[in-house]
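1. Build me a model:
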Amino acid sequence: MTEHWISLEQPGTRLAAFAEPPCTPDASRPDHDWDAPAFAAGPQTDRLRYLDEATRRIAGGLDLEETLGELRLAAVPAFADAILVYLCDPLPYGDEKPTAPVVLRLHRPEHQPEHRPEHRPGPATEHLTASMRLASVLLAGQPVFGSDPWSWSVATELLAPLAGTPGSMPDGRRLIIAPLYGRHRVMGAVVLLRRPERAGFAGDDLLVASQLATHTALGIDKAVLYGHQASVADALQRAMLPSSLPEPTGVRLASRYLPASETARVGGDWYDTIPLPGNRIALVVGDVMGHSITSAAMMGQLRTTVQTLAGLDLPPDEVLHHLDEQAQRLSSEHLATCLYAIYDPVSHRLLVANAGHPPPVLLHPDGRAEVLWIPPGAPIGVGGVPFEAVELPAPTGATLLLYTDGLVESRVRDVWTGVELLRARLHTAADVPGSPPLEELCDHVLDVLGPGTRDDDIALLAARFDGIPPQNVAYWFLDPRPQTPGKARRLVRRTLRRWGLDHLLESTELMVSELVTNAVHFASRPITLRLLRTDVLRCEVGDDSPKVPRMGQAQPGDEGGRGLFLVSRLATNWGSTMLSTGKVVWFEQKLLDEHRRTDRRTSDEPVRGSDGGTPAGTARGTE
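-> Residues are numbered from 1 along each chain as shown. Purely as a prediction, here's the structure:
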């Protein structure tokens with residue numbers, strides 16, 4: 001699209017130079033040819049045919065640039081030899097009343113060709129504050145000739161920034177000022193000019209200019225409204241995405257989110273990472289089909305539902321089942337795909353279920369990239385279709401990549417071709433000494449998109465599995481007997497001394513004794529006791545009772561009721577988590593830097609124990 005520049009000779013009144021639209025039609029719009037006869041002298045049928053074609057094209061513009069581009073192509077050279085478009089800065093939105101003087105800005109197309117030497121553009125920016133006369137012409141909403149006494153000063157005001165000399169003006173009726181008046185407000189003004197060798201504008205040309213300006217103003221109004229809605233939807237979607245990723249022990253995380261190239265095409269892609277009991281973490285990625293504010297709102301509702309279901313510590317297939325039921329209650333018109341995975345850094349295992357989503361890719365420590373086969377299932381919202389969870393090994397040093405279909409699918413590439421291209425790119429990225437940093441890996445993966453526009457938004461989540469070494473985990477099953485708290489204290493004492501944490505012996509024994517005593521009171525099956533040495537010392541006590549302990553206020557004569565009060569005072573952090581098999585009550589204590597675990601293997605053997613001190617090991621399913 002070409003900008004139309006004018007310069008006025010001194011002291012004459014000729015239009016010395018201007019740039020016309022390109023002779024070749026737009027490649028993306030092959031019907032841009034304008035068969036316009038000598039317009040002013042043409043028959044009435046030609047005038048009506050021209051207006052019908054011009055207004056139809058202007059009204060078909062989807063955004064501001066396209067609408068103004070269609071106006072330029074329609075006006076030059078069929079109706080005028082040069083055109084200037086001034087827009088209010090900022091463009092008004094809705095019914096808000098202006099609180100400051102109207103400021104006009106000369107609009108320049110986003111893509112301008114290189115100017116020939118004789119086509120000298122004006123200043124980099126042109127802003128002017130509307131005078132009383134200019135404001136009156138704009139508010140009147142009717143085109144006027146620049147030669148009229150009232151509008152002469154208005155035309156001078158509009159052309160002065162480009163002309164350089166206020167006294168240099170087109171003579172006769174060779175200039176029309178057409179206000180751009182939208183549904184509620186003034187949007188700007190259009191200045192149409194003709195060369196001296198061409199006949200001046202006639203009286204009927206004011207009607208033509210009025211039609212062009214009216215449809216352009218309505219198109220600008222529509223573009224502003226559409227852009228505002230798109231920005232609201234985009235802000236809504238971004239607000240619903242995680243503002244930051246957690247830093248759980250045993251896994252490193254990185255993410256990317258890229259909106260579609262067209263701002264208005266707001267979608268429902270999301271990702272999430274949810275810490276779970278036992279240092280596990282849920283990795284989620286989903287995509288609500290469609291592009292609208294409704295899709296973004298639906299995404300927010302589904303993400304909230306997933307977080308709630310994850311808090312119940314349900315397996316992935318049950319999470320998807322309940323999510324499917326909730327989606328059917330929320331809307332019967334929107335479907336979604338979702339992939340839900342749980343990583344356990346203690347057992348080094350991955351549990352995954354899929355609801356119609358593209359499969360994850362696992363980059364092994366040796367650089368081999370593998371597309372994981374997960375039963376695809378049906379999209380969320382279909383209803384009545386079971387989901388299946390698959391358990392897979394998660395080797396230390398491996399990287400799991402979850403993504404939405406915008407990364408692998410496009411107009412020129414199907415999903416499976418894109419998945420294979422992604423797998424190959426991951427293999428190439430890993431073909432270097434050592435594992436590539438996660439952030440660099442994400443950037444490298446996005447290169448699979450190549451140049452050009454994106455048809456869909458993209459959510460990308462990468463998780464590198466570090467795991468928790470077995471020597472940093474101690475895990476026992478204890479029968480619910482009266483002597484069990486004493487056994488628990490002895491096991492904890494032995495383990496902490498083995499780990500060199502003697503300074504935590506007294507406080508840890510006391511808190512473990514209180515939690516185990518409470519579990520013995522309610523449990524009907526063996527109790528679980530687990531210690532984890534990571535960046536903190538974490539203790540977990542699990543039982544099969546659904547009753548979650550609450551910290552109460554013990555009276556002076558009460559024998560109990562102070563256990564959780566002591567835990568809250570001595571621990572850095574504590575809490576309880578409901579499980580499908582009961583609950584887990586846990587607490588954490590800070591470690592000194594020299595006592596924190598490292599990834600280096602030591603001579604320590606895994607601590608193992610049972611009811612009588614025999615090992616229960618570091619097996620999965622420790623809750």
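2. going forward, measure contacts between C-alpha atoms and count neighbours the same way
-> Will do.
3. pLDDT below threshold where in the stretch 251-400 of the chain?
-> Across the stretch 251-400 of the chain, the ranges flagged by pLDDT under 70 are 261-267, 332.
4. buried sites along stretch 456-467?
-> Asp456, Asp457, Ile458, Ala459, Leu460, Leu461, Ala462, Ala463, Arg464, Phe465, Asp466, Gly467 (16 or more other CA atoms under 10 Å).
5. Show me how far it is from its chain's centre.
-> Taking CA atoms, centre = their mean, to the nearest Å, one finds the center of stretch 456-467 at 14 Å from the center of the full chain.
6. what do you get for stretch 350-370?
-> 22 Å.
7. Extract the C-alpha trace of it and format it as PDB.
-> The C-alpha trace of stretch 350-370 is given here as PDB (Å, rounded to 0.1, in the frame of the first residue of the first chain):
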ATOM      1  CA  LEU A 350       5.200 -40.500  34.800                       C
ATOM      2  CA  LEU A 351       1.400 -41.100  34.800                       C
ATOM      3  CA  VAL A 352      -0.300 -39.600  31.700                       C
ATOM      4  CA  ALA A 353      -3.800 -39.400  30.300                       C
ATOM      5  CA  ASN A 354      -4.900 -37.700  27.100                       C
ATOM      6  CA  ALA A 355      -8.200 -36.200  25.900                       C
ATOM      7  CA  GLY A 356      -7.800 -35.700  22.100                       C
ATOM      8  CA  HIS A 357      -4.500 -33.700  22.500                       C
ATOM      9  CA  PRO A 358      -1.300 -34.000  20.400                       C
ATOM     10  CA  PRO A 359       1.100 -36.500  22.000                       C
ATOM     11  CA  PRO A 360       3.900 -35.300  24.200                       C
ATOM     12  CA  VAL A 361       7.500 -35.700  23.200                       C
ATOM     13  CA  LEU A 362      10.200 -37.000  25.500                       C
ATOM     14  CA  LEU A 363      13.800 -36.000  25.000                       C
ATOM     15  CA  HIS A 364      16.000 -38.700  26.500                       C
ATOM     16  CA  PRO A 365      19.300 -37.900  28.200                       C
ATOM     17  CA  ASP A 366      21.200 -39.600  25.300                       C
ATOM     18  CA  GLY A 367      19.600 -37.100  22.800                       C
ATOM     19  CA  ARG A 368      17.000 -39.500  21.500                       C
ATOM     20  CA  ALA A 369      13.600 -37.800  21.000                       C
ATOM     21  CA  GLU A 370      10.600 -40.100  21.400                       C
END
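8. Tell me which stretches of the stretch 51-200 of the chain form helices.
-> Taking DSSP state H, counting those that start in this stretch as the criterion, the stretch 51-200 of the chain contains helices spanning 64-75, 132-140, 149-163.
9. what comes up buried for the second one?
-> In other words, helix 132-140. Residues Leu134, Ala135, Val137, Leu138 are the ones in helix 132-140 that count as buried (16+ other CA under 10 Å).
10. Dump those to JSON lines, plus pLDDT and distance to Ala523.
-> Output for the buried residues of helix 132-140, formatted as JSON lines (pLDDT from 0 to 100; distance: CA to CA, whole Å):
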{"residue": "Leu134", "pLDDT": "75", "distance to Ala523": "84"}
{"residue": "Ala135", "pLDDT": "75", "distance to Ala523": "81"}
{"residue": "Val137", "pLDDT": "76", "distance to Ala523": "84"}
{"residue": "Leu138", "pLDDT": "77", "distance to Ala523": "80"}
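11. Just give me the closest of these to Val385.
-> Leu138 (61.4 Å; CA to CA).
12. for the residue nearest to the closest one when sequence neighbours are not counted, what are its contacts?
-> Leaving aside its sequence neighbours, Leu138 sits nearest to Pro179 (CA to CA, 6 or more residues apart in numbering; 5.1 Å). Neighbour list for Pro179: Val137, Leu138, Leu139, Gly141, Gln142, Pro143, Val186, Met187, Gly188, Ala189, Val190, Ala213 [criterion: CA atoms under 8 Å, 6 or more residues apart in numbering].
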